[in-house]
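Asks: have a look at this prediction, sequence included:
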Amino acid sequence: MSEINFRHIATQVGDSLKYSTSVNEIDRIGQSILKVSKEQFHNDSITSVRAQSIYDWILSLAKAKLESSERIKRLINFCLELTPEEDKSKTIEFLEKNNCPYNLLHKDSLDEFLKRNFHSEVIKHSQKLFIQGNYFHAVFESAKAFNKDVKEKSQSDKDGQPLMLNVWGCDNGVLKITQCTSQTDKDYQDGIKFLSGGLMSAIRNPTAHEPAITWPINKQDCLDILSLISFLYRQLDKSVYFKL
């Protein structure tokens with residue numbers, strides 16, 4: 001593995017992220033992810049307290065006695081955790097150019113993603129984003145895709161929650177999973193209707209209208225939401241179109 005210039009990385013990352021976080025947040029993330037004792041490394045060229053804090057944490061990591069790949073993993077995780085969602089790809093590109101291969105993190109993330117056995121459409125729209133740590137957009141893209149596919153199968157001109165509440169209904173809906181005759185049939189059909197509508201109002205709409213920085217989605221929530229979308233996709237696959 002090529003030698004890593006931790007001083008250069010610490011300087012550049014500190015400068016690029018100094019306006020996107022606070023000293024308290026930097027220290028919290030440093031303690032939880034880097035798991036080293038923070039030392040001070042004076043640098044006359046750094047004038048920002050936040051940039052200096054990032055610089056100190058990264059150089060403290062470089063000084064710690066760790067196996068090389070573990071040190072790089074912690075560095076990448078630290079930088080990405082500090083980076084706003086919309087800028088993560090830039091941070092990954094920068095780290096890659098400076099001999100910090102992001103694929104060191106891929107295996108664990110990919111295994112965690114794949115063991116959920118998501119629907120193929122969820123995998124198609126969210127796997128790459130999830131591995132990048134871009135949980136907000138992983139959820140958004142899968143929710144958008146589900147909305148689009150329901151719209152196409154139902155041949156409806158509605159969208160979002162109104163679409164779901166209309167096409168999955170027992171009485172007037174055109175997508176049927178059950179025969180809607182017994183109470184159990186009706187309950188299950190209504191459940192899919194309201195789960196789909198809830199997905200649109202609680203997940204698709206906020207991610208469509210709110211910036212990622214003000215509507216964060218963590219890894220665990222991302223996996224759980226993708227599991228819900230995957231379940232609903234399987235119901236869509238099983239549904240039969242009835243033209244009214």
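Replies: Ah, there it is.

Asks: mind listing the strands for this protein?
Replies: For the chain, the strands defined by DSSP state E cover 175-176, 240-241.

Asks: same list (those) but as JSON lines, adding mean pLDDT and mean neighbour count.
Replies: (Glycine included, C-beta is placed from N, CA and C.) Below are the strands of the chain laid out as JSON lines (pLDDT from 0 to 100; neighbours: other CB atoms under 10 Å):
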{"stretch": "strand 175-176", "mean pLDDT": "97", "mean neighbour count": "22"}
{"stretch": "strand 240-241", "mean pLDDT": "96", "mean neighbour count": "11"}
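
Asks: residue 187: which of these is closest?
Replies: Taking CB to CB, strand 175-176 is the member of the strands of the chain nearest to residue 187, at 13.9 Å.

Asks: so where's the protein uncertain?
Replies: 1-2, 106, 208-209, 212-214 (pLDDT under 70).

Asks: in the protein, which residue is most central in space?
Replies: residue 135 (0.5 Å; CA atoms, centre = their mean).

Asks: of all the strands of the chain, which lies closest to residue 57?
Replies: strand 175-176 (52.1 Å).

Asks: residues contacting the closest one, please?
Replies: With contacts defined as CB atoms under 8 Å, 6 or more residues apart in numbering, strand 175-176 is touched by 150, 153-154, 167-168, 189, 236, 239-242.

Asks: cool, stretch 99-119 as well?
Replies: 1-4, 9, 69, 72-73, 75-77, 92, 95-96, 126-127, 130-131, 133, 223, 226-227, 229-230, 233-234, 237.

Asks: please pick the buried ones from the contacts of strand 175-176.
Replies: Neighbour counting with 16 or more other CB atoms under 10 Å marks 150, 153-154, 167-168, 189, 236, 239 as buried within the contacts of strand 175-176.

Asks: dump these to CSV, plus distance to residue 42.
Replies: Below are these laid out as CSV (distance: CB to CB, whole Å):
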residue, distance to residue 42
150, 59
153, 63
154, 64
167, 64
168, 63
189, 67
236, 59
239, 65
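
Asks: good, wrapping up.
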